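Undergrad: Coordinates only, no sequence provided:
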């Protein structure tokens, strides 16, 4: 019998890894305009902490945690587009951040609808959703 907590945590972990890698990538091309590089570094670090927490919880539950993102996923393609946009159009790039964070938040919301999750899993999902909303608010404030 599979554990729904492990499945949910691993699924969201893949998206969090994609997000972390995306923020790390844009740190390489971002200038200090609007303090974007520092904010992107902060968001990448937050995602790294979330990935570690999600992986630790999966191990506690007896599962094997995800260690790679979903390279074929929508968010990954979005980050690739974002990096290209960032170099040529800051406003469009920030809109792409907004879209990516909205995607992550919606994905987490769909997982929170599952009734059979334990309180620790729900708490981790809420932390990740809060991080996504903070990223979305950051992007909204600059567009």
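TA: Good, I have the coordinates. The structure displayed is predicted, hence computed values, not measured ones. Numbering: from 1, shown residues only.
Undergrad: all strands of the protein, in order?
TA: Remark: no strands are assigned in the chain by DSSP state E.
Undergrad: quick one: least confident helix or strand in it?
TA: Within the chain, no helix or strand scores below helix 74-88, which has a mean of 56 by mean pLDDT, DSSP states H and E.
Undergrad: per-residue confidence for the residue nearest the centre of the chain?
TA: The chain has residue 16 as the residue nearest its centroid, 3.5 Å off, counting by Cα atoms, centre = their mean. If you check residue 16, the pLDDT there is 92.
Undergrad: For it, list the residues it contacts.
TA: Residues in contact with residue 16, defined by Cβ atoms under 8 Å, 6 or more residues apart in numbering, are 47, 50, 51, 54, 104, 128. (C-beta placed from N, C-alpha, C; glycine too.)
Undergrad: doesn't residue 3 make contact with residue 63?
TA: Yes - using Cβ atoms under 8 Å, residue 63 is in contact with residue 3, at 6.6 Å.
Undergrad: quick one: low-confidence ranges for the protein?
TA: Judged by pLDDT under 70, the chain has its weakly predicted residues at 1, 30-35, 71-90, 92-93.
Undergrad: just the helices in this protein please.
TA: 4-29, 36-60, 74-88, 90-112, 119-142 (DSSP state H).
Undergrad: ranking these by burial, who's on top?
TA: Among the helices of the chain, helix 4-29 has the highest mean neighbour count (mean count of other Cβ atoms under 10 Å), at a mean of 21.
Undergrad: Looking at the helices of the chain, spot the one closest to residue 68.
TA: helix 4-29 (6.4 Å; Cβ to Cβ).
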